[in-house]
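Next input, structure requested:
(4 chains)
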There are 2 protein chains.
Amino acid sequence: MDVQLKRGLLDVCVLAAIKNGDSYGYKIIKDMKPYLEMSESTLYTILKRLELSGMLTVRIAEHGGRLRKYYHITNAGLGRIEDFKNEWREVMSIYQFVVKEDDGNE
Amino acid sequence: MDVQLKRGLLDVCVLAAIKNGDSYGYKIIKDMKPYLEMSESTLYTILKRLELSGMLTVRIAEHGGRLRKYYHITNAGLGRIEDFKNEWREVMSIYQFVVKEDDGNE
DNA sequence: TGGCAATACTTCGTGATATGATGTATTCCG
DNA sequence: CGGAATACATCATATCACGAAGTATTGCCA
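Numbering: from 1, shown residues only, chains lettered A, B, ... in the order given. Coordinates of the predicted model:
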């Protein structure tokens, strides 16, 4: 899928992936794969950014001898998803503008 | 509106603004304003990019003593709009993933 | 036991791109 | 006469997705 189109969806998609329960990087990628594929470097960059902007918190836990960083969504993160929903109205009106066929009757 | 969300829409929006008749920079901005606002520097950058990638052609004409560059969409440009429509299915499935509420019954 | 896939996270460099600031030039209107 | 509107161009900057490469452990299978 087009990189530019992806850009507006990635952050909020990652937040959505943890909104119903804490998760960790490797699992997030696999959960999102049917909807949106992303590389590991992309995801970890995004997770860092979302942490720095207070959209999520991190908890390090050991699991089977390996470290895992579990990500937990904050109220700000939930708010970000709400903002996205509100902006979607605008997006749909732009979409209508793009696909609108000129029927020649105006 | 969120810059990242805009990115995937701008190019195709500009193409849509000229698909029913040639237009020029200043007019494109005004036509798009109700749907999507963009600065002049952004638009002229995009028009240049779309020209270089063969999505549109340019014709310079004089209008009232001033130069105007009229932009005309090519078949490649029309194809770009079609691609966008097809990708929209994916976008909507991602949107559904983001807004899906966990109803606690699973 | 040797090796490879899977799991899990990190860092770096690069290319694409939206935007503000700034500049140039003309026309139109009061 | 002057400022708003018209019309386009260039530059520097900040953001960001991504491939490449690296580190380290577990689990499996031949």
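
As a check, name the ranges of all helices in chain A.
Assigned by DSSP state H, chain A shows helices spanning A:3-18, A:25-32, A:40-52, A:75-99.

highest average neighbour count across these?
helix A:3-18 (a mean of 21; mean count of other CB atoms under 10 Å in any protein chain shown). Just so you know, the C-beta spots here come from the backbone N, C-alpha and C atoms, and that holds for glycine as well.

which strands and helices sit next to it?
Packing partners of helix A:3-18 (3 or more CB pairs under 8 Å, 6 or more residues apart in numbering or on different chains; DSSP states H and E): helix A:25-32, helix A:40-52, strand A:66-73, helix A:75-99, helix B:3-18, helix B:75-99.

Looking at the ones you listed, which is nearest to residue A:16?
For these, proximity to residue A:16 was assessed by CB to CB; helix B:75-99 is nearest, at 4.3 Å.

Residue A:57: how many residues sit nearby?
If you count neighbours by other CB atoms under 10 Å in any protein chain shown, residue A:57 ends up with 14.

Pull the contacting residues for it.
A:51, A:71-72, A:74 (CB atoms under 8 Å, 6 or more residues apart in numbering or on different chains).

Is it possible to get TSV of the helices and strands packed on helix A:3-18 that adds mean pLDDT?
TSV is the format used below for the helices and strands packed on helix A:3-18 (pLDDT from 0 to 100):
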stretch	mean pLDDT
helix A:25-32	94
helix A:40-52	96
strand A:66-73	93
helix A:75-99	96
helix B:3-18	96
helix B:75-99	96
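
Up against DNA strand D, what does chain A have?
Proximity of chain A to DNA strand D, by CB under 7 Å from any atom of the strand, involves residues A:3, A:6-7, A:10-11, A:38-42, A:45-46, A:49, A:64-66.

Among those, which one sits closest to residue B:86?
The closest of these, once distances to residue B:86 are taken by CB to CB, is residue A:6, at 15.1 Å.

And that closest one, how far from residue B:47?
Using CB to CB, to the nearest Å, residue A:6 is found at 23 Å from residue B:47.

Likewise for residue A:10?
Counting by CB to CB - residue A:10 and residue B:47 are separated by 27 Å.

Which among the contacts of residue A:57 count as buried?
A:71, A:74 (16 or more other CB atoms under 10 Å in any protein chain shown).

List the residues that contact residue A:91.
Counting by CB under 8 Å, 6+ apart, residue A:91 makes contact with B:5, B:9.

Centroid-nearest residue for chain A?
residue A:13 (2.0 Å; CA atoms, centre = their mean).

All set now, cheers.
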